[in-house]
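Need a 3D model of the following:
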Amino acid sequence: MDKKELKQACLNLMETTDAVYLSTIGDDGFPHTRMMSNLRNKQENPGSAKVLEPDKEDFVVYFVTGNSSVKMQQIRANPKISAYFCMPAELQTLMLRGDVQEITDQQFKNKLWQDGWEIHWPGGAKDPEFIVLKLSPAFAKGWYKEGPFEFEL
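Below you'll find the predicted structure:
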């Protein structure tokens, strides 16, 4: 398989998994992994997926979370994270790693906002607890069809 086909398969995986797994490093020095909503998945998050459409051809990953969450404490202490997408039945995985940054652009946060998130952030997109994170990964690694792969981004 050529690199272009492999990258396209990875991008397709990023758009179709129900969840993405986010790993941070805790103050205990160990990875902490949790399931996060896949904002690129059009069925699960149609509004967000539409906003993120311009990033469709790259490997950027966005997350939403709470400002006072443990993951934010960990990210502020160490912004190195990994994001993991997988379809076990198809033996397809993708791990992306890099430094994550907080998006403070209120206009972008307003566009990304979805109905239903009020349960977490009653103040809407302007709620100080509503945080948007962006991972612009530097490295990809995973498994596809014949076997393992890795490449720099």
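
Nearest spatial neighbour of Val61, chain-adjacent residues omitted?
Leu135 (4.4 Å; Cβ to Cβ, 6 or more residues apart in numbering). All C-beta spots, glycine's among them, are computed from the backbone N, C-alpha and C.

List the residues that contact the one you found.
Val60, Val61, Tyr62, Phe63, Ile81, Ala83, Leu96, Gly98, Asp99, Val100 (Cβ atoms under 8 Å, 6 or more residues apart in numbering).

Sitting in helices, which of those residues do you find?
Of these, none are assigned to helices by DSSP state H.

ok, of these, which come out buried?
By neighbour count, with 16 or more other Cβ atoms under 10 Å, the contacts of Leu135 hold Val60, Val61, Tyr62, Phe63, Ile81, Ala83, Leu96, Gly98, Val100 as buried.

what about the residue positioned nearest the centre of the chain, distance to Val51?
Residue closest to the average C-alpha location in the chain (Cα atoms, centre = their mean): Val61, at 3.7 Å. The gap separating Val61 from Val51 is 14 Å, by Cβ to Cβ, to the nearest Å.

Please apply the same query to Met35.
To Val51, Met35 is 21 Å away according to Cβ to Cβ.

Look at these two and report which has more neighbours.
Val51 (18 against 11; other Cβ atoms under 10 Å).

what about the more buried one, distance to Tyr144?
Per Cβ to Cβ, Val51 is found 28 Å from Tyr144.

what two of the contacts of Leu135 are the furthest from one another?
Distance extremes for the contacts of Leu135: the farthest pair is Tyr62 and Asp99 at 14.4 Å, using Cβ to Cβ.
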